[in-house]
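1. just coords:
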């Protein structure tokens, strides 16, 4: 199976390819298919920009830090048909808090500032930039959204 990932973010492309490869899914980028139109991210939901272009997309920092520093990373993955009809939408969250100073050398984007705080998981209390790809993928917003997509793919292919 091939899926078109509607993002130009090389870090997201690498992360999503690594997550989907074990499922036998080949991820294509806009550059590999001749490009896609730019999408203005001005929708009312996290899924809106993902739904504006066929393929997968995702990830935005959701929830501005409150007095206790609480936040959520939100990943929206929209699966669309080749003609652009939305087949399914998956939105997942990862809870944590925003740090005042960067930690760790790994990851990208908000990873050095996002402390994972969900209880009873081995990653709890660690900054995303200190986790390896598998550790992060197990609890991240994108990892959760992609696992939801993967679980739904066999059913969606039957349609």
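-> Okay, I see it. No experiment lies behind these values; they were computed from the predicted model shown. Residues are numbered from 1 along each chain as shown.
2. which non-adjacent residue is nearest residue 30?
-> Spatial nearest neighbour of residue 30, excluding adjacent residues (C-beta to C-beta, 6 or more residues apart in numbering): residue 36 at 4.3 Å. Placement of C-beta: from N, CA and C, glycine included.
3. Quickly note the distance from the one you found to residue 12.
-> 14 Å (C-beta to C-beta, to the nearest Å).
4. How much space separates the residue nearest to residue 30 from residue 80?
-> 11 Å.
5. buried residues in stretch 94-104?
-> Across stretch 94-104, burial judged by 16 or more other C-beta atoms under 10 Å covers 94, 96, 97, 98, 99, 104.
6. So residue 84: helix, strand or coil?
-> coil (DSSP: H, G, I helix; E, B strand; the rest coil).
7. Ramachandran coordinates for it?
-> When read as degrees, to the nearest 10, the backbone of residue 84 gives phi 100, psi 0.
8. for the chain, where's the lowest mean pLDDT among helices and strands?
-> Using mean pLDDT, DSSP states H and E, strand 60-62 stands out as the lowest-scoring helix or strand of the chain, at a mean of 43.
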